[in-house]
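In: Got a sequence here, can you build the structure:
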Amino acid sequence: MGLIIDIIKWFKSISRYNQILRVLIKYGFEDLVQYLEENKHYTYIQKIIPNSTKKRVEKYSKWAKMRLVCEELGPTFVKFGQILSNRPDLVPLELTFELEKLQDNVPPMSESAAKAVVEIELKDKVENLFAWFEPTPFASASMAQVHKVTLHSGKRVALKIQRAGIYDIIIEDIKVMYRIAHLLEKRIPSLKSFDPVGLVKNFEASILKELDFIHESINVQRFYNNLEKDGSFEQFAQAPRVYQEFTTTKVLALEFISGIKIDRIEELKSKQIDTKVIARRLAISYFKQIFEYGFFHADPHPGNLLVLPNNRICYLDFGMMGSMLPRDISIFGKLFLAITNKDVKKIIRALQQLSNNAPILNRRDLEFDINEFVEKYYVRDLHENEMSTILLEIKDIIITHGLKVPTYFFLFARSLVTIEGVIEKLDPDLEQFEIVKPYLKDSATKKYSPLIIGKKIVNSIVELADYMEEFPLDLKNAIRKINSGQIKVDLTHKGIDPMVHTLQRITKQLITAFIMVALIVGASLFVIFEIQPLWKGISMLGISSFIIAVILGFGMLSNIKKGDYDY
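Out: Sure, this is the predicted structure:
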């Protein structure tokens, strides 16, 4: 039975390689195809490629061809392209623009197939689980589709259902991608700097997370909790709640929330909704996510944003989220404030902190580039000074000078580009940078607040107390191990004896100097107060102390002249 399964998998692999080769040949990837033809391991594949597919496509650029290849090869490669579009540090900018155009629209699963997935996952009949199951999904993508369902309690739920068999398809495609990545590194050495195998490895980790709806449900709950804890009057965002009892790795049940998509400007206006108010609230809610929560929606395109009747904004689809450490939030605050203050040194310091103090190869060139950036920043038109523009230009400087940034940096930049585009359509006159300034200042100065400092001091004292309590036991254990021979120390040193000798000589000289000073001071006091016995009216003790001090002084001068040559 195992042999039959292996043969089936082998034939599937051949079919997939054949499909990839067809698509590569179709879009003119002559160099790669030629290598496949030269490589003896792939000759059997070449024999089954019809000649009719070997036509070049001349009307597309090479970047557009790569996008078309991803679209034809299916969901795995589409997702890979979408993730690459978030990494302008790894792929050419022209390619990221093309990959952003990737479409993820595929025909939905049948009702019976969707119900079968639900019943297997939730271990019960759909009729028993729900009062109503909408046969036609209201959203469909390559990896999942969403149906409206009604619970027996009457609550409406959006049920996200993973496509049947998609996991196996993606796993098989990842294996193919690894082989292609190794092939590219071997055939085209210039691609090694992009680390094709590393890219596939990162993609594998990302897409396997996305395939696990439990992971997404945790993102939703975390986002929901952040909004619930925010008691400020400027909390305008909303998120669906998770129904854990109907959620598994392949099924995700979320509260169904009805609203108007945020890019339907005319529909919003027809409902007497002020788009300028929505724009301002969207900006505030997003900057709160970044600079207060440290956990932000990384894909805030119009399809994932709803406007509710109470002028609140609901976020949807939490498969792609960004997370930032408090330390990094503070650094970003300092970075943007330094840019507004034209402080080149502080900008460089912030970039170094973000890159974990990576060495700067040419500080003078970096200072020049930062200074040019700052000067250009101040002569631009009003709405070209948005944070996304700043981040993207800073990104170019970072890459040019070989600095490193946290992985979320590009998610942050990309999401800002998206959110600012949405805001621009709602209210072209909104000064977004003025809205974010208070959050920047708070994030940059938060760690210096008396409360935070007090907490750090208390924590340090507690840690010190814990350490002092454990120290005797640790010392006893260390001594026991040394005595039992479990710890052996073998020290070999070179040139340390002269240093030890010098330290000893300096110590002796310092002690002698202190004694001399004491004797001289004592002699003076003896003479002044005429302490007996006296000789010609002078204290004998004073004379004796002075003589001893002189003798010690001559001895110390002799020792200084000898230097380190007396060993």
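In: For L99, list the residues it contacts.
Out: M66, R67, C70, G81, Q82, L84, S85, V91 (Cβ atoms under 8 Å, 6 or more residues apart in numbering). Yep, even glycine has a C-beta here, placed from its N, CA and C like the rest.
In: roughly how far apart are it and S61?
Out: 13 Å (Cβ to Cβ, to the nearest Å).
In: and what of L366?
Out: L366 is 33 Å from S61, by Cβ to Cβ.
In: Specify which residue of these two has the higher count of neighbours.
Out: L366 (22 against 11; other Cβ atoms under 10 Å).
In: Quick check: which ranges of the stretch 101-250 of the chain have low pLDDT?
Out: For the stretch 101-250 of the chain, the stretches with pLDDT under 70 are 103-105, 188-194.
In: run the last query once more with 90
Out: 101-109, 138-143, 164-211, 230-236 (pLDDT under 90).
In: Could I get the full set of helices for it?
Out: 111-122, 126-129, 166-187, 196-211, 213-229 (DSSP state H, counting those that start in this stretch).
In: now those helices in CSV, with mean neighbour count and distance to S153?
Out: Below are these laid out as CSV (neighbours: other Cβ atoms under 10 Å; distance: least, Cβ to Cβ, whole Å):
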stretch, mean neighbour count, distance to S153
helix 111-122, 17, 16
helix 126-129, 14, 12
helix 166-187, 17, 31
helix 196-211, 17, 30
helix 213-229, 17, 19
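In: so what's Y167 closest to, chain neighbours aside?
Out: Among residues not flanking Y167 along the chain, L211 sits closest, at 5.8 Å (Cβ to Cβ, 6 or more residues apart in numbering).
In: for the contacts of L99, which one is nearest P309?
Out: Nearest to P309 out of those is Q82 (Cβ to Cβ; 32.5 Å).
In: my guess is W535 meets S544, correct?
Out: No: W535 lies out of contact with S544 (Cβ atoms under 8 Å); the separation is 10.2 Å.
In: For the two, work out which one has more neighbours and name it.
Out: Using other Cβ under 10 Å as the criterion, W535 and S544 rank with S544 on top: 14 against 9.
In: tell me the mean pLDDT over whatever helix or strand that one lives in?
Out: Taking DSSP states H and E as the criterion, S544 maps to helix 540-562. Averaged over helix 540-562, pLDDT sits at 76.
In: cool, and stretch 69-85?
Out: 79.
In: try stretch 517-533
Out: Here the average pLDDT along stretch 517-533 is 75.
In: ok, and what's touching that stretch?
Out: 537-546, 548-549, 552.
In: give me that answer again for 7 Å
Out: With contact meaning Cβ atoms under 7 Å, 6 or more residues apart in numbering, stretch 517-533 is reached by I538, S539, M540, L541, G542, S545, F546, I548, A549.
In: do stretch 62-73 as well
Out: By Cβ under 7 Å, 6+ apart, the residues outside stretch 62-73 that reach it are 20, 23-24, 27-28, 57, 60, 77-78, 80-81, 94-95, 98-99, 101-103.
In: Could you rerun that using 8 Å?
Out: 19-20, 23-24, 26-29, 57, 60, 77-78, 80-81, 92, 94-95, 97-99, 101-103, 173.
In: For that stretch, buried residues please.
Out: W63, A64, K65, M66, R67, L68, V69, C70, E71, E72, L73 (16 or more other Cβ atoms under 10 Å).
In: Can you lay out these as JSON lines showing secondary structure and distance to R187?
Out: Shown next, in JSON lines, are the buried residues of stretch 62-73 (DSSP: H, G, I helix; E, B strand; the rest coil; distance: Cβ to Cβ, whole Å):
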{"residue": "W63", "secondary structure": "helix", "distance to R187": "19"}
{"residue": "A64", "secondary structure": "helix", "distance to R187": "22"}
{"residue": "K65", "secondary structure": "helix", "distance to R187": "17"}
{"residue": "M66", "secondary structure": "helix", "distance to R187": "16"}
{"residue": "R67", "secondary structure": "helix", "distance to R187": "21"}
{"residue": "L68", "secondary structure": "helix", "distance to R187": "21"}
{"residue": "V69", "secondary structure": "helix", "distance to R187": "16"}
{"residue": "C70", "secondary structure": "helix", "distance to R187": "20"}
{"residue": "E71", "secondary structure": "helix", "distance to R187": "24"}
{"residue": "E72", "secondary structure": "helix", "distance to R187": "22"}
{"residue": "L73", "secondary structure": "helix", "distance to R187": "19"}
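In: export these to CSV and tack on distance to F296?
Out: Listed next are these as CSV, based on distance: Cβ to Cβ, whole Å:
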residue, distance to F296
W63, 29
A64, 31
K65, 34
M66, 29
R67, 27
L68, 32
V69, 32
C70, 27
E71, 29
E72, 33
L73, 31
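In: tell me which of those is nearest to L557?
Out: The nearest member of the buried residues of stretch 62-73 to L557, counting by Cβ to Cβ, is W63 at 81.1 Å.
In: now that closest one: how far from P240?
Out: Separation of W63 from P240 (Cβ to Cβ): 37 Å.
In: for L403, phi and psi?
Out: Per-residue torsions, L403: phi -80, psi 160 (degrees, to the nearest 10).
In: That one - nearest residue in space that isn't next to it in sequence?
Out: Counting by Cβ to Cβ, 6+ apart, S355 is the residue found nearest to L403 once chain neighbours are left out, at 4.2 Å.
In: The stretch 251-400 of the chain: helices as residue ranges?
Out: Under the criterion DSSP H, counting those that start in this stretch, the stretch 251-400 of the chain carries helices at the ranges 265-270, 275-288, 326-340, 344-354, 363-377, 387-400.
In: closest to A181 out of those?
Out: Judging these by Cβ to Cβ, what sits closest to A181 is helix 387-400, at 21.7 Å.
In: in that closest one, what counts as buried?
Out: M387, S388, T389, I390, L391, L392, I394, K395, I397, I398.
In: quick one: it to helix 344-354, angle?
Out: 80 degrees (axes from the mean of the first three to the mean of the last three Cα atoms, to 10 degrees).
In: CA atoms only for helix 387-400 - export them in PDB, please.
Out: Output of helix 387-400 as PDB, limited to C-alpha atoms (Å, rounded to 0.1, in the frame of the first residue of the first chain):
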ATOM      1  CA  MET A 387       5.100  58.600   7.400                       C
ATOM      2  CA  SER A 388       5.100  55.900   4.700                       C
ATOM      3  CA  THR A 389       7.200  58.200   2.400                       C
ATOM      4  CA  ILE A 390       9.700  58.800   5.200                       C
ATOM      5  CA  LEU A 391       9.900  55.100   6.000                       C
ATOM      6  CA  LEU A 392      10.400  54.000   2.300                       C
ATOM      7  CA  GLU A 393      13.200  56.600   1.800                       C
ATOM      8  CA  ILE A 394      14.800  55.600   5.100                       C
ATOM      9  CA  LYS A 395      14.600  52.000   3.900                       C
ATOM     10  CA  ASP A 396      16.700  52.800   0.800                       C
ATOM     11  CA  ILE A 397      19.300  54.500   3.000                       C
ATOM     12  CA  ILE A 398      19.300  51.500   5.400                       C
ATOM     13  CA  ILE A 399      19.800  49.000   2.600                       C
ATOM     14  CA  THR A 400      22.500  51.100   0.900                       C
END
